[in-house]
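Visitor: Okay, here's the prediction I keep looking at, along with the sequence it came from:
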Amino acid sequence: PSSGYSTTAVSLEALLLGHEEGVTSLNWRRSKQQTNKPCLLSSSMDRTILLWMEEEDDDTHGGGGVWVPISRVGSAGGILGGSIGASLMGFVDACFSPEAN
């Protein structure tokens, strides 16, 4: 347009269900080799970090937008859960190492 504004279309590709509190960051890792699959890393105020991968589907060779958590780091249970002396704050960020395969 002549006004200098542009329009961007956004669509929902996948819904991630797994955190009990608000998600604070998402980090995407693309496949570097043909054998590696893309994955997501999410952090949350529920004091967990989840590693996500697309679910396998024999018919489509992919999950069709269904992503599942394959690994959980931290203590689940939200702000009120956890052991004595544990931090009551969640994770505010998580990222992949640049050297990670």
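Guide: Sure thing, it's come through. Residues are numbered from 1 along each chain as shown.

Visitor: Residue ranges in the chain under the pLDDT threshold?
Guide: For the chain, the stretches with pLDDT under 70 are 1-2, 14, 32-35, 57-65, 76-88, 100-101.

Visitor: Strands of that one, residue ranges please.
Guide: All strands of the chain, identified by DSSP state E, fall at 23-29, 39-44, 48-54, 67-74.

Visitor: possible to save those as JSON lines with distance to Val10?
Guide: (Glycine included, C-beta is placed from N, CA and C.) Shown next, in JSON lines, are the strands of the chain (distance: least, CB to CB, whole Å):
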{"stretch": "strand 23-29", "distance to Val10": "15"}
{"stretch": "strand 39-44", "distance to Val10": "17"}
{"stretch": "strand 48-54", "distance to Val10": "20"}
{"stretch": "strand 67-74", "distance to Val10": "18"}
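
Visitor: could the ones you listed be laid out in CSV, adding mean neighbour count?
Guide: As requested, the strands of the chain are arranged in CSV below (neighbours: other CB atoms under 10 Å):
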stretch, mean neighbour count
strand 23-29, 14
strand 39-44, 20
strand 48-54, 20
strand 67-74, 15
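
Visitor: of all these, which lies closest to Leu15?
Guide: Closest to Leu15 of the strands of the chain, according to CB to CB: strand 67-74, at 8.2 Å.

Visitor: just checking, what packs against that closest one?
Guide: strand 48-54 (3 or more CB pairs under 8 Å, 6 or more residues apart in numbering; DSSP states H and E).

Visitor: Name the residues that touch the strand it packs on?
Guide: 16, 18-20, 37-44, 62-63, 65-76, 90-91, 94 (CB atoms under 8 Å, 6 or more residues apart in numbering).

Visitor: coming back round to it: of all the strands of the chain, which one comes closest to Ser11?
Guide: Ser11 lies closest to strand 67-74 among the strands of the chain, at 15.5 Å (CB to CB).

Visitor: re earlier: so for Ser6, which of the strands of the chain sits nearest?
Guide: strand 23-29 (22.9 Å).

Visitor: Going along the chain, name the helices of the protein.
Guide: Using DSSP state H, the chain contains no helices.
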